[in-house]
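Student: Everything below, folded, please.
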Amino acid sequence: MANRLSKIYTRTGDAGTTGLGDGTRVTKDSLRIAAIGDVDELNSVIGILRTEALEGNIHAALQAIQHDLFDLGGELCMPGQAMMKAERVTALETQLDIWNDTLTPLEEFILPGGCRAAAYCHLARTVCRRAERQMIALSSTENITDISLQYINRLSDLLFVLCRILNKDAGVPDVLWNNEHKK
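Tutor: As a prediction, the model looks like this:
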């Protein structure tokens with residue numbers, strides 16, 4: 001593989017623009033760059049989560065998700081390209097169903113927290129929701145594939161269930177919302 005970055009700084013962004021994968025220059029505050037940034041941040045938070053001691057299947061699932069998110073960022077960086085595959089949405093749904101079937105039904109809302117891995121996962125879930133909002137905003141003016149929108153939506157669901165799995169595996173209860181806390 002050839003070197004992809006031979007020089008890290010180029011000075012081409014000093015005036016507030018950045019280059020997309022197709023060579024187009026856009027402002028750094030554009031919806032597309034915001035969506036790319038949120039997907040990148042999500043990938044980074046999942047990277048932090050992966051530093052925790054995780055079951056092998058969880059670690060492998062998160063590693064695959066990180067590769068998916070890199071593909072999603074690439075798709076967002078190259079307008080008109082479709083890199084995300086429907087099979088990846090199906091894979092998320094399958095994993096989500098497997099994990100969810102091992103959990104007791106929720107009777108209350110849960111708050112972010114529990115064990116440290118679950119707290120990191122809740123952070124990933126909230127960043128995922130922000131990335132989804134940015135992608136929806138972008139899709140109102142530019143084309144984004146339906147598969148990419150489905151993927152990011154399903155991923156936030158999977159991360160919510162994973163938060164509960166991580167707490168269960170650690171023997172830590174989910175933090176339940178208590179609407180009586182002020183009394």
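
Student: Moving C-terminal from the host helix or strand of L72, which element do we reach first?
Tutor: When secondary structure is defined by DSSP states H and E, L72 falls within helix 56-77. In the C-terminal direction, the helix or strand that comes right after helix 56-77 (DSSP H and E) is helix 86-100.

Student: Determine the angle, from 0 to 180 degrees, between that following helix and helix 56-77.
Tutor: Here the directions of helix 86-100 and helix 56-77 differ by 150 degrees (axes from the mean of the first three to the mean of the last three CA atoms, to 10 degrees).

Student: Starting from the helix or strand just after helix 86-100, tell me which strands it pairs with and how they run.
Tutor: Counting by DSSP H and E, the next helix or strand C-terminal to helix 86-100 is strand 110-111. Taking DSSP bridges as the criterion, strand 110-111 pairs within the sheet with strand 175-176 (antiparallel).

Student: List the contacts of the strand it pairs with.
Tutor: Under the contact criterion CB atoms under 8 Å, 6 or more residues apart in numbering, strand 175-176 has outside partners E108, F109, I110, L111, P112, G113, G114. Glycine gets a C-beta too; all of them are placed from N, C-alpha and C.

Student: Highest neighbour count among those residues?
Tutor: With neighbours taken as other CB atoms under 10 Å, the top of the contacts of strand 175-176 is G114, carrying 21 neighbours.

Student: Same question for V172, what's its three-state structure.
Tutor: Secondary structure, DSSP: H, G, I helix; E, B strand; the rest coil: V172 is coil.

Student: Need the per-residue pLDDT for it.
Tutor: pLDDT recorded at V172 is 96.

Student: Also I165?
Tutor: Predicted confidence (pLDDT) at I165: the value is 98.

Student: where are the low-confidence patches of this protein?
Tutor: Within the chain, the ranges that satisfy pLDDT under 70 run 1-9, 11-15, 181-183.

Student: again, only using 50
Tutor: Regions of the chain meeting the criterion pLDDT under 50 cover residues 1-2.

Student: quick revisit: please list the outside residues in contact with the helix holding L72.
Tutor: Taking contacts as CB under 8 Å, 6+ apart, the residues outside helix 56-77 that touch it are 20-21, 32, 35-36, 39-40, 42-43, 46-47, 49-50, 54, 81-84, 88, 91-92, 95, 135, 138, 144-145, 148, 151-152, 155, 162, 165-166.

Student: Now the buried members of those.
Tutor: 20, 32, 35-36, 39-40, 42-43, 46, 49-50, 54, 83-84, 88, 91-92, 95, 135, 138, 144-145, 148, 151-152, 155, 162, 165-166 (16 or more other CB atoms under 10 Å).
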